[in-house]
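>>> sequence plus the predicted model coming up.
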Amino acid sequence: MRNLLGFAIGLGLLSINLQAATVAFTTSTVGVNGTGDTVFRYLYDLTGVSLQQHQEVDIRFDPGVYGILTNGVAPAGFSLALFQPNNPAGAFGDYSVLAVVPNPNVGGIFSVDFTLKPGHSAGPQPFLINQYQNDDNTFIATIASGVTTPAGGNPVPEPSTWMPAVAGLLLFTGIARSARRQRYLG
């Protein structure tokens with residue numbers, strides 16, 4: 001019984017230390033492109049993300065909201081790829097940065113320019129953190145996900161941060177009830 005109680009308390013304490021990865025963003029206006037569309041820029045702050053070599057941050061661009069992606073920037077130690085929204089039809093666009101060195105510096109400049117479809121505005125975007133195989137960069141798994149948050153804003157807690165706490169609390173409550181019941185019966 002004590003081992004189970006210790007496990008429940010340990011699980012609860014562990015859940016306090018779990019944090020979802022956070023990617024903050026700021027938006028600015030860059031100018032007007034050759035077709036007369038306003039060009040905006042996302043500047044991403046990845047300091048809330050801990051990456052290892054062969055891990056990727058993939059920020060998604062909804063094809064119903066975003067037009068063209070250009071001028072992607074990532075610091076040394078990352079491989080950058082831009083995939084256009086709606087190519088092929090209905091596909092999300094992607095700003096993808098893959099860590100190509102151990103413990104890359106996530107404090108550098110991560111940015112991308114974009115246009116918006118009429119009637120839409122820039123805002124939070126879904127992102128994934130993916131793990132690739134070391135030798136040939138074969139996809140292994142998505143290890144985290146979330147939604148970008150405005151810089152200085154409070155991120156919305158992700159289920160991965162509060163679910164272990166709930167599980168630990170339920171387990172602790174069950175153990176406490178069982179122990180109380182045994183005292184009354186015995």
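Cool, the structure landed.
>>> can you pull out the strands in this protein?
Ranges of strands within the chain are 22-32, 38-48, 55-61, 66-73, 78-83, 93-99, 110-116, 126-132, 139-147, 149-150, based on DSSP state E.
>>> avg pLDDT for the second one?
In this case it means strand 38-48. Mean pLDDT, computed over strand 38-48, is 95.
>>> quick check: angle from that strand to strand 22-32?
Relative orientation of strand 38-48 versus strand 22-32 (axes from the mean of the first three to the mean of the last three C-alpha atoms, to 10 degrees): 160 degrees.
>>> strands paired with strand 38-48, and their directions?
strand 22-32 (antiparallel), strand 110-116 (antiparallel) (DSSP bridges).
>>> what does the shortest one give?
For strand 149-150, the paired strands and their directions (DSSP bridges) are strand 22-32 (parallel).
>>> just the buried residues of the partner strand, please?
Within strand 22-32, the residues that qualify as buried are 22, 23, 24, 25, counting by 16 or more other C-beta atoms under 10 Å. Just so you know, the C-beta spots here come from the backbone N, C-alpha and C atoms, and that holds for glycine as well.
>>> quick one: neighbours of residue 82, just the number.
Neighbour count of residue 82, defined by other C-beta atoms under 10 Å: 17.
>>> need the contact list for it.
69, 70, 72, 93, 94, 95, 96, 112 (C-beta atoms under 8 Å, 6 or more residues apart in numbering).
>>> can you do 6 Å?
69, 72 (C-beta atoms under 6 Å, 6 or more residues apart in numbering).
>>> okay if I get the buried residues of strand 22-32 as TSV plus pLDDT and distance to residue 116?
Shown next, in TSV, are the buried residues of strand 22-32 (pLDDT from 0 to 100; distance: C-beta to C-beta, whole Å):
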residue	pLDDT	distance to residue 116
22	91	24
23	95	20
24	96	20
25	97	14
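>>> name the nearest of those residues relative to residue 129.
residue 23 (9.2 Å; C-beta to C-beta).
>>> report the beta-bridge partner residues of residue 55.
In beta-bridge terms (that is, DSSP bridges), residue 55 pairs with residue 131.
>>> just confirm it contacts residue 99, I think it does.
Yes. In this structure residue 55 lies within contact range of residue 99 using C-beta atoms under 6 Å: 5.2 Å.
>>> quick one: common contacting residues for these two?
In contact with both residue 55 and residue 99: no residue, using C-beta under 6 Å, 6+ apart.
>>> residues contacting residue 68?
Residues near residue 68 by C-beta under 6 Å, 6+ apart: residue 115.
>>> isn't residue 110 up against residue 44?
Yes. The pair residue 110 and residue 44 qualifies as a contact (C-beta under 6 Å) at a distance of 4.1 Å.
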